[in-house]
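In: Any chance you can model this:
(chains A and B)
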Amino acid sequence: MSAPGTLRAYRWELRKLRSQKRTYLGLGAAVLVPVIFAVAVALQPGGPEDVAFGRYVHDTGLAIPLVLLLFGSYWLFPLITALVAGDIVASEDHNGTLKTILTRSVERWHVFAAKTLAALSYAMLAIALTGGVAIVAGVLVSGFNPITSLSGTEVSASRGLVLVGASLLVYLLPIAAVASIALLFSTVFRNSAAAIVGTLMFSLLLQLLTIIPGLGGAQPYLLSTQFNAWQGLLRTPADWEPIVRAAWVCALYAVPSLVGGFLVFLRRDVAGG
Amino acid sequence: MTDAAPVEVRGLTKRYGRITAVDDVDLTVAAGDVFGYLGPNGAGKTTSLRMMLGLIRPSAGAVRIFGRDPQVSVAALAGVAGFVEAPRFYPYLDGRTNLRLLAGLDGGDGAAHVEEVLEVVELTDRGRDKVGGYSHGMKQRLGIAAALLRRPRLLVLDEPATGLDPGGMRDMRQLIHRLAGDGITVLLSSHLLAEVEELCNRVAIVRRGRIVYEGALDDLRRAAGSTYRLRTTDDARARQVCVAQRGIEDVEDAAGGGLAFRPADERAIAELSLALIESGALLLELAPRLATLEDLFFQLTEGDDALAADAARIDRAAQIVEETA
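Out: Just a heads-up that it's a prediction; the model follows:
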């Protein structure tokens, strides 16, 4: 008995990603950015004072991945995520290959599910790479030392490492939402560039909304805010409220996007190509 | 397995806004047919084929492939392979990997036959090269290879010889001929009359989304009737003899010289030959001429308002060109 359709399609989606330059562009950035940041920290006496953990980058390497998570949330990680998620359906349109794969023995929903899983797998890999490289480079530059939590208490280095790992996991919530939006745009626009730019514009526009008087209260429900949810873990005691909110707010962005993309993909006419 | 026809299409219609691309098409492809779906470019052939493969949703009507509806599940396409328009592949993967990918999606034992089908289409040497660097003809052949991986009982090919050089066209036709000989039912769309005439036993002729004829190619020829061509040493006298002769009808000048006519039966031909010799018009050629598909095609589409309008437009354009010259 052969593997079920989604698994077969997922396997080949990963194989396709392995052969595409854009995959390595995103993963390359995910590796290089923490390296460059660590080198810059090593060469300069100061640090980015204005962000959380910025002033500790010389005291402990564990501060480096955390500062990167903050910096990267504006556009770097959304861009890396959208680079693949925004392309994964549109590139089939571009290459005219949808008709090729949809006349084999996989249903349309298998293909969409496989693409969703592949885009998420790639995004997870990118975040894991950034986190892993940042931890190693940070420790090499500033040592494996205790870190001061946002509540001002000192956390041991080993517990700090666990908290950094957990922060990376929480960070995946908004990343998954960005991937879902990019997938929707990729399906609807049928054009990678439009989907990638559209995804970034969407999150920027949402942030702009909050400057309209009276809409400031929307801040906690913006996608961009969820990129800071992990900071709850670095308080003593841990503050779970922002993390729980991130889970359902991100779901509110992700689920309708995925359902929308899914329905469009299922019903659309595959013409052209 | 099922005894249902490979393709059964009833009332198939596709509308894009106010434009009707495919208009109430009925057709049946029986097992063993090499079925030619013939029409000029833009007649809705590709749109019909896309609906048959479940790629496009019909506005109305039904498609059954071996008795199953491809809109419901790709399971209906088990035993079906082929391509619409040019076959397309991932340009950044090599030919072999593209085939392995498609075999992987099929989930059967296709992957074990990749080398075999590459050999059939003579691409073994280029299997390691990225498809992005393939010529049009090579992609076309890879498309056939990808179809063969599925061990199809029905092969759907959309304009398979389009864009190929004469040698490539000949190879493609030989390949289709061979596959049909192996018992594969073939549904082939084409705007090339010669291609359909050479390969197909049944045809549907489509114009502006509508079927204007469906049936056996031989029946179509018979219905159109055969004409005879006559050349003599004295065509003027021969014409007088023909017109006066019983059982000889529709006498007219033949294209390329001589006369063309329609005999009531073979006996009338025998009597005509004697009458001609007696009159002193000596025979150079007296031969039956089967209607070609091209004749039939234009016969079926003659009187078409759109064609007349097109012709008028072309005349007018030619006039303008002349006036400005």
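
In: Please name the strands paired to the strand or helix carrying B:Val251 in the sheet, noting orientation.
Out: Here B:Val251, judged by DSSP states H and E, is contained in strand B:248-253. Partners of strand B:248-253 in the sheet, by DSSP bridges, are strand B:259-263 (antiparallel).

In: ok now the strand it pairs with, how far from the chain's centre?
Out: 28 Å (CA atoms, centre = their mean, to the nearest Å).

In: Outside of the strand holding B:Val251 itself, which residues are in contact with it?
Out: B:Thr227, B:Arg239, B:Cys242, B:Val243, B:Leu259, B:Ala260, B:Phe261, B:Arg262, B:Pro263, B:Ala264, B:Ala268, B:Leu272 (CB atoms under 8 Å, 6 or more residues apart in numbering or on different chains). To be clear about C-beta, it is placed using only N, CA and C from the backbone, and glycine gets the same treatment.

In: Closest residue of the stretch 101-250 of chain B to chain A?
Out: Per CB to the nearest CB, B:Gly107 is where the stretch 101-250 of chain B lies closest to chain A, at 3.7 Å.

In: And for that residue, the neighbour number?
Out: B:Gly107 has 19 neighbours, counted by other CB atoms under 10 Å in any protein chain shown.

In: I'd say it and A:Arg8 touch.
Out: Yes. Using CB atoms under 8 Å, B:Gly107 makes contact with A:Arg8 at a distance of 5.6 Å.

In: Around chain B, which positions in the stretch 101-250 of chain A sit nearby?
Out: A:Ile101, A:Leu102, A:Thr103, A:Arg104, A:Ser105, A:Val106, A:Glu107 (CB under 8 Å from any CB of the partner chain).

In: Try it again at 6 Å.
Out: Contact residues (CB under 6 Å from any CB of the partner chain) of the stretch 101-250 of chain A with chain B: A:Ile101, A:Thr103, A:Arg104, A:Ser105, A:Val106, A:Glu107.

In: Nearest to B:Met52 among these?
Out: A:Thr103 (10.2 Å; CB to CB).

In: What sits closest to that closest one if chain neighbours are left out?
Out: In space, and not counting its chain neighbours, A:Thr103 is closest to B:Leu53: 5.2 Å by CB to CB, 6 or more residues apart in numbering or on different chains.

In: With B:Arg262 instead?
Out: B:Arg262 sits nearest to B:Asp250 (CB to CB, 6+ apart), 4.4 Å away.

In: same thing with B:Leu217?
Out: The spatially closest residue to B:Leu217, leaving aside those adjacent along the chain, is B:Val203, at 5.4 Å (CB to CB, 6+ apart).

In: Give me every residue in the stretch 51-200 of chain B lying close to chain A.
Out: So the stretch 51-200 of chain B meets chain A at B:53, B:55-56, B:74, B:88, B:92-93, B:101-102, B:104-107 (CB under 6 Å from any CB).

In: can I get the residues you listed in TSV with distance to A:Ala246?
Out: TSV is the format used below for those (distance: CB to CB, whole Å):
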residue	distance to A:Ala246
B:Leu53	44
B:Leu55	40
B:Ile56	41
B:Val74	38
B:Arg88	41
B:Tyr92	36
B:Leu93	38
B:Leu101	37
B:Leu102	40
B:Gly104	37
B:Leu105	36
B:Asp106	41
B:Gly107	38
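
In: Mind splitting chain B into its structural domains?
Out: Domain assignment for chain B, taken from automatic domain parsing, gives B:7-221, B:227-289, B:299-324.

In: Could you list the low-confidence segments of the stretch 101-250 of chain A?
Out: For the stretch 101-250 of chain A, no stretch is flagged by pLDDT under 70.

In: Quickly find the element holding the residue in it that chain B sits nearest to.
Out: Closest approach between the stretch 101-250 of chain A and chain B, counting by CB to the nearest CB: A:Arg104, at 4.1 Å. In this structure, A:Arg104 sits in neither a helix nor a strand according to DSSP H and E.
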